[in-house]
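Colleague: give me the fold of what follows.
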Amino acid sequence: MLNKDKTALVLIDVQGKLARLVDRSDAMIAGCQKLIQGAQALGLPILWLEQNPEKLGGTVEELTGLLSGEEPIIKYAFSASGENAFNQRLSALDVESVLVCGIETHICVCQSSLDLKAQGYDVHVVSDAVASRTETNKQLAFERLRQNGITISGVEMCLYEMVEDCRAPEFKPILNLIK
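Modeller: Numbers count the residues shown, from 1 in each chain. The predicted structure is shown next:
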């Protein structure tokens, strides 16, 4: 079970033209928005990555507006763990679980998730907040991730798991996001 005091959100590469070209782009961006807002309501740390932004462009406006005050970690390796800045920030957080969202599911999301699992984290890939250019590639990634012990979750599922109780102060803000 996810614990809000021991969980971080990792947002991977929702940027530039590619963010608009992936399958079900609008739904993926909306899922990321809800997940970011839910993470903020729960007080989760958020690590935000951009793949080679000089070439691919920056994170889409719908998400950067929610992340004011945060700075993206620039990466060139497909896996987030290929960047020392990411590894240092994550290890400083004292978390056990990581929620992963972003693009592309079968490349950067998959490689990052596999590396995080190998480092001992409980990894949850949020299915309605990830995308690939084709649904087939997304499903291939889910199959591989499951085979490696990574949980495939959903925005609503993981947020309510961390809220735990309808009397929790975070319940109402999360409920309003999901409606």
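
Colleague: so which residues of this structure form helices?
Modeller: 16-21, 25-42, 53-56, 61-64, 84-91, 110-118, 135-147, 155-163, 171-178 (DSSP state H).

Colleague: nearest to Tyr76, out of the ones you listed?
Modeller: Nearest of the helices of the chain to Tyr76, taken as CB to CB: helix 53-56 at 9.8 Å. (C-beta placed from N, C-alpha, C; glycine too.)

Colleague: ok so, going back, among the helices of the chain, which comes closest to Gly102?
Modeller: Nearest of those to Gly102, taken as CB to CB: helix 25-42 at 7.0 Å.

Colleague: report the rounded mean pLDDT for that closest one.
Modeller: Helix 25-42 carries an average pLDDT of 98.

Colleague: got the buried residues for it?
Modeller: Neighbour counts over helix 25-42 (16 or more other CB atoms under 10 Å) mark 25, 28-29, 31-39, 41-42 as buried.

Colleague: now swap in stretch 57-69 and tell me
Modeller: For stretch 57-69, burial by neighbour count (16+ other CB under 10 Å) applies to Thr59, Val60, Leu63, Leu66.
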